[in-house]
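Visitor: everything below, folded, please.
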Amino acid sequence: QVQLVESGGGLVQAGGSLRLSCAASARTFSTKAMAWFRQAPGKEREFVAAIDWRGVTTNYADSVKGRFTISRDSAKTMVFLQMNILKPEDTAVYYCAAAKFARGLGSSNRYDYSYWGQGTQVTVSS
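Guide: A predicted model of the protein is given here:
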């Protein structure tokens, strides 16, 4: 069974850092663009960052540009989200996602992703 498993969430003070990890259970993910989305209580799930299947091209939401960095390992079965200068408005459940089709560039559209993890909670206190 294909799975995505996130880890690394937690409670941090504003201005702090966290690193999220996403482990993919199948090598098929090595040919797929990957992304992070987040969902705060009472809000829609929103795009955070994406990386293409080669690990070369990245795409970020304006709200996290310059603070967050997405990357993937050389085997392309792990994806990471380094989050710096965290703000209270970054508080949300963060989800890892894998693209529906192979060899994509990393879309910001949630409907381009068909595999999702269970999510990891990130809470930033002021």
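Visitor: in the chain, which residue is closest to the centre?
Guide: Taking Cα atoms, centre = their mean, the centroid of the chain lies closest to W36, which sits 2.1 Å from it.
Visitor: for the helix or strand where that one lies, which positions count as buried?
Guide: Using DSSP states H and E, W36 falls within strand 32-39. Neighbour-count burial for strand 32-39 flags K32, A33, M34, A35, W36, F37, R38 (criterion: 16 or more other Cβ atoms under 10 Å). Using the backbone N, CA and C atoms, a C-beta is placed for each residue, glycine as well.
Visitor: who touches the fourth one in this structure?
Guide: When contacts are counted by Cβ atoms under 8 Å, 6 or more residues apart in numbering, A35 touches 47-51, 70, 96-97, 99, 106-108, 113.
Visitor: please name the bridge partners of the residue nearest to the centre of the chain.
Guide: A49, C96 (DSSP bridges).
Visitor: hang on, it packs against Y94?
Guide: Yes. Using Cβ atoms under 8 Å, W36 is in contact with Y94, at 5.9 Å.
Visitor: what sits in contact with each of these two?
Guide: Shared contacts of W36 and Y94 (Cβ under 8 Å, 6+ apart): L20, V48, L81.
Visitor: can you list these in CSV and add pLDDT?
Guide: Shown next, in CSV, are those (pLDDT from 0 to 100):
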residue, pLDDT
L20, 98
V48, 98
L81, 98
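Visitor: and the pLDDT for the residue nearest to the centre of the chain?
Guide: Here the pLDDT value assigned to W36 is 98.
Visitor: one more: T58?
Guide: Looking at T58, its pLDDT stands at 97.
Visitor: try V2
Guide: Looking at V2, its pLDDT stands at 68.
Visitor: same check on T28?
Guide: T28 is assigned a pLDDT of 76 by the prediction.
Visitor: before we move on, what about the one 4 residues further on?
Guide: According to the predicted model, the pLDDT of K32 comes to 92.
Visitor: quick one: contacts for it?
Guide: W53, A98, A99, F101, A102, R103, G104.
Visitor: among those, which two are most distant?
Guide: Farthest pair in these (Cβ to Cβ) is A98 and R103. Separation: 12.5 Å.
Visitor: ok, those two, which is more surrounded?
Guide: When A98 and R103 are compared for neighbours, A98 comes out ahead with 24 against 11, by other Cβ atoms under 10 Å.
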